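pasting the sequence and the predicted coordinates here, then a few questions.
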Amino acid sequence: AKKQLAALLREPDRFMAARGACRRFPLSTYIKNRYRGKIDGLIADELHQFSADSGQGDAMGELFAAAKKCIGMTATLINGYASGIFYLLYRMCAYRMEQDGQSYAAPAQFAREYGVTEDTYEVTEGGYNSNRRTAKRKKRSRQKPGVSPLVYSRFLLENGVFLSLMDMGKDLP
């Protein structure tokens, strides 16, 4: 230990590995745990970049949870699919999503309820001696573009402001 201290005195800018250091965790988690309720306001721009199930989106959700008032801004709220806004809504207003019966683990249920899905079925003819004449089974289900207006009325109407460039009153460069 004395040798290390002497080396540190000779070269104060050198790199030394810390032993027994705390484990790493995201800065957003630290802010949420340490400063919850102490942050008056948060402004998040380009909100659509946090709409996926990602670490970046989780960090934004933790910062939203730490602030008393939040403003999220984007020009592209929805990518055309109902699933494109699911995680964003859950991070911004989880209580409303839970009141609506949505589960964070089931984004497909939200997409079925508020989006457009296409189900493909396979129909097979029964044989000559079969008890059933036809059998139908689901082959696959996929999302199509489209979002129900109920998303706006249930989740966004009371908490959203929708502006156009004309409403801003300024010319953009």
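Arrived safely.

on the three-state scheme, residue 70 is what?
Under DSSP: H, G, I helix; E, B strand; the rest coil, the three-state class of residue 70 is strand.

and it, bridged to which residues?
Under DSSP bridges, the beta-bridge partners of residue 70 are residue 42.

contact partners for it?
41, 42, 43, 44, 64, 92 (C-beta atoms under 8 Å, 6 or more residues apart in numbering). C-beta coordinates here come from the backbone N, C-alpha and C atoms, glycine included.

ok, the fourth one touching residue 63?
I take that to be residue 44. Yes - using C-beta atoms under 8 Å, residue 44 makes contact with residue 63 at a distance of 7.3 Å.

hang on, the earlier thing: out of the contacts of residue 70, grab the one that's most surrounded.
Counting neighbours by other C-beta atoms under 10 Å, residue 92 leads these with 22 neighbours.

contacts only, for that one.
Residue 92 touches 61, 64, 70, 72, 159, counting by C-beta under 8 Å, 6+ apart.

strands along this protein, start to end?
Under the criterion DSSP state E, the chain contains strands at 39-44, 67-72, 115-125, 134-147.

could you identify which of these is most buried?
Most buried of the strands of the chain by mean neighbour count (mean count of other C-beta atoms under 10 Å) is strand 67-72; its value is a mean of 15.

what's the angle from that one to strand 39-44?
20 degrees (axes from the mean of the first three to the mean of the last three C-alpha atoms, to 10 degrees).

could the strands of the chain go into a markdown table alongside distance to residue 97 and mean pLDDT?
Shown next, in a markdown table, are the strands of the chain (distance: least, C-beta to C-beta, whole Å; pLDDT from 0 to 100):
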| stretch | distance to residue 97 | mean pLDDT |
| --- | --- | --- |
| strand 39-44 | 18 | 94 |
| strand 67-72 | 15 | 93 |
| strand 115-125 | 15 | 83 |
| strand 134-147 | 15 | 81 |
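
Throw those strands into JSON lines and include distance to residue 78, thanks.
Converted to JSON lines, the strands of the chain look like this (distance: least, C-beta to C-beta, whole Å):
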{"stretch": "strand 39-44", "distance to residue 78": "17"}
{"stretch": "strand 67-72", "distance to residue 78": "13"}
{"stretch": "strand 115-125", "distance to residue 78": "10"}
{"stretch": "strand 134-147", "distance to residue 78": "6"}
